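Student: predicted model and sequence follow; I will ask about them next.
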Number of protein chains: 2
Amino acid sequence: MQKLILASTSTLYGGEYLEYLLPTLKSFFKGVSTILFIPYARPGGISYDDYTKTVIKAFEAIDIKVEGSHTSKNALQAIEESEAIFVGGGNTFVLVNELYQQNLMSVLKQKINSGTLYLGTSAGSNIAGLTMQTTNDMPIVYPPSYTTLGCIPFNINAHYLDVDPLSKHKGETRATRINEFHTYNNIPVIGLREGSWLEVKGNDVVLKGELTARWFQKNKDPFEIKPSKKINF
Amino acid sequence: MQKLILASTSTLYGGEYLEYLLPTLKSFFKGVSTILFIPYARPGGISYDDYTKTVIKAFEAIDIKVEGSHTSKNALQAIEESEAIFVGGGNTFVLVNELYQQNLMSVLKQKINSGTLYLGTSAGSNIAGLTMQTTNDMPIVYPPSYTTLGCIPFNINAHYLDVDPLSKHKGETRATRINEFHTYNNIPVIGLREGSWLEVKGNDVVLKGELTARWFQKNKDPFEIKPSKKINF
């Protein structure tokens, strides 16, 4: 049975990396000694090594080791042999492109299907949806496909933002962009605010954290989903 | 000699469609009786017809007729025979995809090169750059390529937004996203704030409007460009 935690963000304002999630991760990863970290979403700024160091430090607090997939001679094999997997945030186009270039998308999906624990944050959560088409990121690379893991039967919009009623900006709001997605696509979308995450066990998906999330479907009015209840999709 | 006006937005907060640009457009389109309007960026919400009606109404104020390219039996021929062209905003992925599907990208470029006046707003401005990779839009369709018209030797980021120093949001800022673009690409990028536009005559590009614009280049610090001066790229 697949088991995933899909967080909107790795870091909350004023908090340390993964800090708000640590109690959850301690219980989720119980019995795991080493997590395979996949840093490929990182589009620069810091190296894969430095990104992995941040993750290593965060997981030290709950006594779990972390290895970067980029340090392995064979990333595909590293995924196949992993105890648990964490895909971090960055740019979703970069992440999806890299997973396809290295032929890792299908093995990652099989591994998750077989019950290997999966943690995603931001871009790492986006790819658990059916497609990456509700990302907020810029198309800085051209991936061979927008199709992603499909562990859940809908898409995620991470870092979901409500409209600022005082804004004078005329660019599209997040809700408008998701509505535009539904002109061309039937896939439901969850707008996951920072501080929210999804807990997936098999086919059950529960919204966690203190906030509600926004649910968008084609030709229907969006509505708010309450936390701690199974999502009825 | 190519002549283009590339505006960050069609509409300013509190203003009517194209209102702030009308004095500029009156002089730019002097002698033109009919503009061909290309509505393909519109990803829903309103129909091509309704979108075109908005444009017709705006140009009535300066006594110029407007025809929608979607009403023509042959859009390619309509472009070839047009006196002047306006590509409106919407979703850049949708626009680029449609231009490729209808085989219009190269004829549009040739037409502009031959001196046909071109107006773009938002997505219609983005496509005048070398690639559409600095769009803010969601990838709601998968275009066959990100390459665009290349009328200017750089890319545009329309609706450019400065960081809100009070924001607690942890999603990437616009500047961060453009820096990430430069990890993978060498193309300079102009962050064009709402109310700004570029006036292109041959190889000369001048920033217009009252605001400065932000210039981003790979491995260099971004800086502000002053309006009414030729951009030195």
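Tutor: Looks like it arrived, so ask away. Numbering: from 1, shown residues only, chains lettered A, B, ... in the order given.
Student: from here on, contacts and neighbour counts on C-alpha atoms
Tutor: Fine.
Student: what's the span of stretch A:60-77 from first residue to last?
Tutor: Stretch A:60-77 has an end-to-end distance of 25 Å (CA to CA, to the nearest Å).
Student: typo on my end, stretch A:101-118
Tutor: Terminal-residue distance, stretch A:101-118 (CA to CA): 21 Å.
Student: now stretch A:152-165
Tutor: End-to-end distance for stretch A:152-165, by CA to CA: 32 Å.
Student: go on, stretch A:133-152?
Tutor: 14 Å.
Student: what's the offset of that stretch from the middle of its chain?
Tutor: Stretch A:133-152 sits 12 Å away from the centroid of its parent chain (CA atoms, centre = their mean, to the nearest Å).
Student: now do that stretch, average pLDDT.
Tutor: Stretch A:133-152 shows an average pLDDT of 98 in the prediction.
Student: ditto for stretch A:192-208
Tutor: pLDDT averaged over stretch A:192-208 gives 97.
Student: go through it and flag the buried ones.
Tutor: A:192-200, A:204-208 (16 or more other CA atoms under 10 Å in any protein chain shown).
Student: could you work out the most separated pair of those residues?
Tutor: Among those, the pair separated by the greatest distance (CA to CA) is A:Glu194 and A:Asp204, at 21.3 Å.
Student: what's the nearest residue to A:Tyr184 if we skip its chain neighbours?
Tutor: Once flanking residues are discounted, A:Tyr184 sits nearest to B:Ile140: 6.8 Å by CA to CA, 6 or more residues apart in numbering or on different chains.
Student: list the contacts of that neighbour.
Tutor: A:133-134, A:180-181, A:184-185, B:93-94 (CA atoms under 8 Å, 6 or more residues apart in numbering or on different chains).
Student: ok, A:Ser33 - contacts?
Tutor: Neighbour list for A:Ser33: A:63-65, A:83 [criterion: CA under 8 Å, 6+ apart].
Student: make CSV out of those and add pLDDT.
Tutor: As requested, those are exported to CSV (pLDDT from 0 to 100):
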residue, pLDDT
A:Asp63, 97
A:Ile64, 98
A:Lys65, 98
A:Glu83, 98
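Student: which of those residues are buried?
Tutor: A:64-65, A:83.
Student: dump the residues you listed to a markdown table, plus distance to B:Phe28.
Tutor: Listed next are those as a markdown table, based on distance: CA to CA, whole Å:
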| residue | distance to B:Phe28 |
| --- | --- |
| A:Ile64 | 65 |
| A:Lys65 | 64 |
| A:Glu83 | 64 |
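Student: what about the residues you listed, which are in strands?
Tutor: Among the buried ones among the contacts of A:Ser33, the members found in strands (DSSP state E) are A:Lys65.
Student: what ranges do the strands span in chain A?
Tutor: Under DSSP E, chain A gives strands at A:3-7, A:34-38, A:65-68, A:84-87, A:117-121, A:155-160, A:189-193, A:197-201, A:204-208, A:213-216, A:223-225.
Student: what average pLDDT does the fourth one get?
Tutor: What strand A:84-87 shows for mean pLDDT is 98.
Student: same deal with the longest one?
Tutor: For strand A:155-160, mean pLDDT rounds to 97.
Student: which parts of the helix ranked longest in chain A are buried?
Tutor: Longest helix of chain A, by residue count under DSSP state H: helix A:48-60. Judged by neighbour count using 16+ other CA under 10 Å, the buried positions of helix A:48-60 are A:48, A:51-52, A:55-56, A:58-59.
Student: next one: stretch A:70-83
Tutor: A:70, A:75-76, A:78-80, A:82-83.
Student: repeat that for stretch A:161-172.
Tutor: Here stretch A:161-172 shows A:161, A:169, A:171-172 as buried, counting by 16+ other CA under 10 Å.
Student: dump the residue contacts of the closest residue to A:Asn91 other than its chain neighbours.
Tutor: Distances taken as CA to CA, 6+ apart put A:Ala41 closest to A:Asn91, at 5.1 Å, once the chain neighbours are dropped. By CA under 8 Å, 6+ apart, A:Ala41 lies in contact with A:88-96, A:123-124.
Student: ok, now which ones touch the residue most central in space within chain A?
Tutor: Nearest to the geometric centre of chain A sits A:Ser125, at 1.0 Å (CA atoms, centre = their mean). When contacts are counted by CA under 8 Å, 6+ apart, A:Ser125 touches A:6-8, A:87, A:119, A:156, A:158.
Student: all helices for chain A, in order.
Tutor: Counting by DSSP H, the helices of chain A are A:22-28, A:48-60, A:75-80, A:92-101, A:105-113, A:123-126, A:174-184.
Student: any quick PyMOL command for the buried ones out of the contacts of B:Ile140?
Tutor: To isolate the buried subset of those in PyMOL, counting by 16+ other CA under 10 Å, use the following:
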select buried, (chain A and resi 133+134+180+181) or (chain B and resi 93+94)
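Student: got the contacts of B:Ile140 as CSV, with distance to B:Leu18 columns?
Tutor: Listed next are the contacts of B:Ile140 as CSV, based on distance: CA to CA, whole Å:
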residue, distance to B:Leu18
A:Gln133, 30
A:Thr134, 29
A:Glu180, 22
A:Phe181, 26
A:Tyr184, 27
A:Asn185, 30
B:Phe93, 23
B:Val94, 22
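Student: looking at the contacts of B:Ile140, which is nearest A:Phe28?
Tutor: Of all the contacts of B:Ile140, A:Phe28 sits closest to A:Thr134, with 26.8 Å by CA to CA.
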